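**Student:** Show me how the following folds:
(4 chains)
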Number of protein chains: 2
Amino acid sequence: MDFHRPPAIVRSFERLFSLSAEEREHLDRITCAGEEIEPRRKLIVEGKPCRSLHLLTSGWLVESKQLRDGTRQILNLRLPGDVVGIECLAYKNALHSTAALTPCTVTTLSFEQFQEIQRDFPRLAAALFLMTLLEGAILHEWEVNLGRRAAFPRVAHFLLELDRRLHLRGLGIGAAVPFPLTQQEIADCVGLTTPYVNRILQQMRAKGMIELENRLLTIREPALLAKAAGFKPDYIDHWGEGWFGQVLNEPQPD
Amino acid sequence: MDFHRPPAIVRSFERLFSLSAEEREHLDRITCAGEEIEPRRKLIVEGKPCRSLHLLTSGWLVESKQLRDGTRQILNLRLPGDVVGIECLAYKNALHSTAALTPCTVTTLSFEQFQEIQRDFPRLAAALFLMTLLEGAILHEWEVNLGRRAAFPRVAHFLLELDRRLHLRGLGIGAAVPFPLTQQEIADCVGLTTPYVNRILQQMRAKGMIELENRLLTIREPALLAKAAGFKPDYIDHWGEGWFGQVLNEPQPD
DNA sequence: CGGACCATTGAAAGCCGTCAAAACAAGTGG
DNA sequence: CCACTTGTTTTGACGGCTTTCAATGGTCCG
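**Tutor:** Sure thing, here's the model as predicted:
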C-alpha cells in the first residue's frame, strides 16, 4: 500500500484544481470519520427519507430502481471518490436505492455540513456542482447505450466506460481493473438478461477482446472493442476542461 | 392570451420560492432579449465548442446524440422554462446536440452572466443547481424506461411523464397537452422503431386510453395507463420539497 | 459433505426490428 | 383548381435478436 497517496475523495477534487491548505484540511476533517459498510447493505432506500450526503472513500456502490415485476435497473455505479446522494437535497424521499456492492468505507455529510461548504468553500461547492454535471454526461451515455445499441456493443461500451473511469482514478492494476460485478449485476446495468450477458461475454473472450476472471477485467483489444461499441471517452476524459473548470484554477484572491 | 402570466422562466423559478424584486428584475433583464428560432435549427452542436447557456422561454427543444450507424437517441426534451446547456460549463465541446423541435424563443446567457448570478443572486444559483438535480431524476427514469420496460409500458410511461411535466407548468389545454412530436421522434426517445411505435399507439387508441391527433395529446385513462406503465410521478411532483428547497424559502437576511 | 451463489448451456417462443410499399396530409407552384 | 413534392402515418410479411425457463456444473465456504 502506498501511504503517501491521498484518499480517493481528495484526489477526486484535485483533478479539478489544487486544493488550498484550508480546503484540504476541511476535507480531511470531514473524511476522517469513515464508516465501514458490508456488501448488500443499503445506504439509501428508495421511497424512504434521505437526510444526508455521503462521500465514498473506498469500495463500489450501485444505485438502482426496483420495478413492480421484480426486475431492477441499475442507474449508475459509484466508485471511490464519488459524492453520493446529492439528489437527496432536492427530495424528501429517495427516488432510488444506493447499496454497497463491495465492502465500502463511507463518510456521511449532514446537510448542515454541506451548507458550511457552500458558504465557506466556494471552490469545493463549485466542484460538487461540476461533479453532478459529469454524472449527467455519464447518464446520457447510458441512455444511448440502453436505447440504441445491440447487446454486444452495449456490453462492450459498459466495460470500456468502467475501465476508463477506474484507470483515470488510478484504480487500475496494470492493464487490468478490479471488477466485482456478477453477470446478474452487469445485466441490470445494461438492460439485458443474465444468460444473454453470459453469451456476450463469451463471444468477447472467444475473440480475445477481453479477459474477465477472478473479479479482474482486462481489455485486451481496446481499439477493436471501442470500434464495436462506438465508444468515445470524451465525456470522461475532458470533463472539467470547460469554462467553469478554468475559473476554479484562476489565482485565488486570498 | 393571458398577459398577466409571467414568462415561463420566471414561473420555473417561482415554483421553488418567491422571487424578490431584485431577483425578478434581474431575470427580466436577462430574458427581455429573446431570440426566435425555427424548427430543426441547432442551438448546440455535438462535438462543437459551447460557450453559453440558454433559457427556453417558449417552444420545445430536443437533446440528442448521434450514432455512427445513423440512428440517434433523444436524451431529453426541454420545455418552456427550462435552462438549457448547463453541461457546457463542464466541457469545452458539446457532448450532444440541442435542436429546436418547434419554433422557440430562447435567450442566451454568457458564462460571465452566469457568474454574475452566482455572485449576486445566491438563491437563483441554488435554483439552477436544484434544476440540474431534477434533470438527473428524469434521466434516471428514462434509464429505467429504456432498460427494463417492454414497448407498451415504455411508450405509456413516456407519454405520462410528458403530460405531467406540461400540466405542471400550466401548459395544458384542458385535459389535453400540446404534442408536436412525430412518431419518429417518439421512437428516438424510447429506443424503439417508428413502425413499432405506431403499432403501440394504435393499441392505446383502440383501448381508449389516449387520443392523439392534430399535435394534441389527451390521456383518457390515466389510471389504467399509469398502472400499465408503472408510472409514479413523485420525481416530478415532489421535486424541490427537500432540504435545499426549504432553505431557499427561509426568510431572507435582506 | 452440504449449501449457497454464480456461471454456463440448451431449446423454444416471442417481441421487436427490418424493409418495403402504400396511404395520407399539407404545402407549393403552375 | 390541379399536379407535384415532401414528410408523416400506416400496414404487411419475414427474420432474428433476445428472452424465457430450466437444468447443469463449478466454486467457495462453513
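
**Student:** isn't A:H238 right up against B:K92?
**Tutor:** Yes. Taking Cβ atoms under 8 Å as the definition, A:H238 is a contact partner of B:K92 at 6.4 Å. C-beta coordinates here come from the backbone N, C-alpha and C atoms, glycine included.

**Student:** Contacts only, for A:K232.
**Tutor:** If a contact means Cβ atoms under 8 Å, 6 or more residues apart in numbering or on different chains, then A:K232 has A:A226 as its contacts.

**Student:** name the element it belongs to?
**Tutor:** For A:K232, there is no enclosing helix or strand under DSSP states H and E.

**Student:** Around DNA strand D, which positions in chain A sit nearby?
**Tutor:** Within chain A, the positions adjacent to DNA strand D are A:150-152, A:191-193, A:195-196, A:199 by Cβ under 7 Å from any atom of the strand.

**Student:** would a markdown table of these with distance to chain B and neighbour count be doable?
**Tutor:** Formatted as a markdown table, those follow (distance: Cβ to the nearest Cβ, whole Å; neighbours: other Cβ atoms under 10 Å in any protein chain shown):
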| residue | distance to chain B | neighbour count |
| --- | --- | --- |
| A:A150 | 10 | 10 |
| A:A151 | 12 | 16 |
| A:F152 | 13 | 16 |
| A:G191 | 3 | 24 |
| A:L192 | 9 | 21 |
| A:T193 | 11 | 14 |
| A:P195 | 16 | 10 |
| A:Y196 | 13 | 14 |
| A:R199 | 18 | 15 |
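
**Student:** For these, give me CSV that also has secondary structure and pLDDT.
**Tutor:** Output for those, formatted as CSV (DSSP: H, G, I helix; E, B strand; the rest coil; pLDDT from 0 to 100):
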residue, secondary structure, pLDDT
A:A150, coil, 98
A:A151, helix, 98
A:F152, helix, 98
A:G191, coil, 98
A:L192, coil, 98
A:T193, coil, 98
A:P195, helix, 98
A:Y196, helix, 98
A:R199, helix, 98
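
**Student:** which of those residues sit farthest apart?
**Tutor:** A:A150 and A:P195 (16.3 Å; Cβ to Cβ).

**Student:** and the lengthiest helix in chain A, is it in reach of DNA strand C?
**Tutor:** In chain A, with assignment by DSSP state H, the single longest helix is helix A:122-148. No. Helix A:122-148 lies out of reach of DNA strand C by Cβ under 7 Å from any atom of the strand, never closer than 8.9 Å.

**Student:** That helix close to chain B?
**Tutor:** Yes. Helix A:122-148 reaches chain B (Cβ under 8 Å from any Cβ of the partner chain) through A:129-130, A:132-137, A:139-140, A:142-144, A:146-148.

**Student:** From these, list just the buried residues.
**Tutor:** A:129-130, A:132-137, A:139-140, A:142-144, A:146-148 (16 or more other Cβ atoms under 10 Å in any protein chain shown).

**Student:** measure the residue nearest to the spatial centre of chain A to DNA strand C for me?
**Tutor:** Nearest to the mean C-alpha position of chain A, by Cα atoms, centre = their mean, lies A:R78 at 3.1 Å. A:R78 sits 19 Å away from DNA strand C, going by Cβ to the nearest atom of the strand, to the nearest Å.

**Student:** show me the contacts for that residue.
**Tutor:** A:56, A:60-63, A:84, A:98.

**Student:** Now do the same contact list for A:C104.
**Tutor:** With Cβ under 8 Å, 6+ apart, A:C104 has these contacts: A:36-37, A:56-61.

**Student:** Please read the previous query as pertaining to A:T218.
**Tutor:** A:T218 neighbours (Cβ under 8 Å, 6+ apart): A:175-177, A:210-212.

**Student:** tell me the SS of it?
**Tutor:** The three-state label given to A:T218 by DSSP: H, G, I helix; E, B strand; the rest coil is strand.

**Student:** Surely A:E135 and A:N76 touch.
**Tutor:** Yes. Counting by Cβ under 8 Å, A:E135 touches A:N76, with 7.2 Å between them.

**Student:** how about low-confidence regions in chain A?
**Tutor:** A:1-3, A:252-254 (pLDDT under 70).

**Student:** Out of the contacts of A:R78, flag the one nearest to chain B.
**Tutor:** The shortest approach to chain B among the contacts of A:R78 belongs to A:E63, at 8.0 Å (Cβ to the nearest Cβ).

**Student:** How about the contacts made by the closest one?
**Tutor:** A:74-78, A:96-98, B:140.

**Student:** So which of these are in helices?
**Tutor:** Among those, DSSP H puts B:H140 in helices.

**Student:** tell me which of the contacts of A:E63 is nearest to B:R165?
**Tutor:** B:H140 (14.8 Å).

**Student:** How much space separates that closest one from A:R123?
**Tutor:** 28 Å (Cβ to Cβ, to the nearest Å).

**Student:** repeat for A:Q203
**Tutor:** Distance of A:Q203 to A:R123, given as Cβ to Cβ: 46 Å.

**Student:** Compare those two and say which is more crowded by neighbours.
**Tutor:** Of the pair A:Q203 and A:R123, A:R123 is the one with more neighbours under other Cβ atoms under 10 Å in any protein chain shown, namely 19 against 15.

**Student:** The more buried one against A:E22, yeah?
**Tutor:** No. With contact defined as Cβ under 8 Å, A:R123 and A:E22 do not form a contacting pair (10.2 Å).

**Student:** Distance from the chain centre to stretch A:185-198, please.
**Tutor:** 19 Å (Cα atoms, centre = their mean, to the nearest Å).

**Student:** now swap in stretch A:53-72 and tell me
**Tutor:** Distance, centroid of stretch A:53-72 to centroid of chain: 11 Å (Cα atoms, centre = their mean).

**Student:** ok, now stretch A:17-26?
**Tutor:** For stretch A:17-26, the distance to the chain centre is 23 Å (Cα atoms, centre = their mean).

**Student:** Can you give me the buried ones in it?
**Tutor:** A:17, A:19, A:23, A:26.

**Student:** gap between the residue of the stretch 1-150 of chain A found nearest DNA strand D and B:D69?
**Tutor:** The stretch 1-150 of chain A approaches DNA strand D most closely through A:A150 (3.6 Å), counting by Cβ to the nearest atom of the strand. Taking Cβ to Cβ as the measure, A:A150 and B:D69 are separated by 10 Å.
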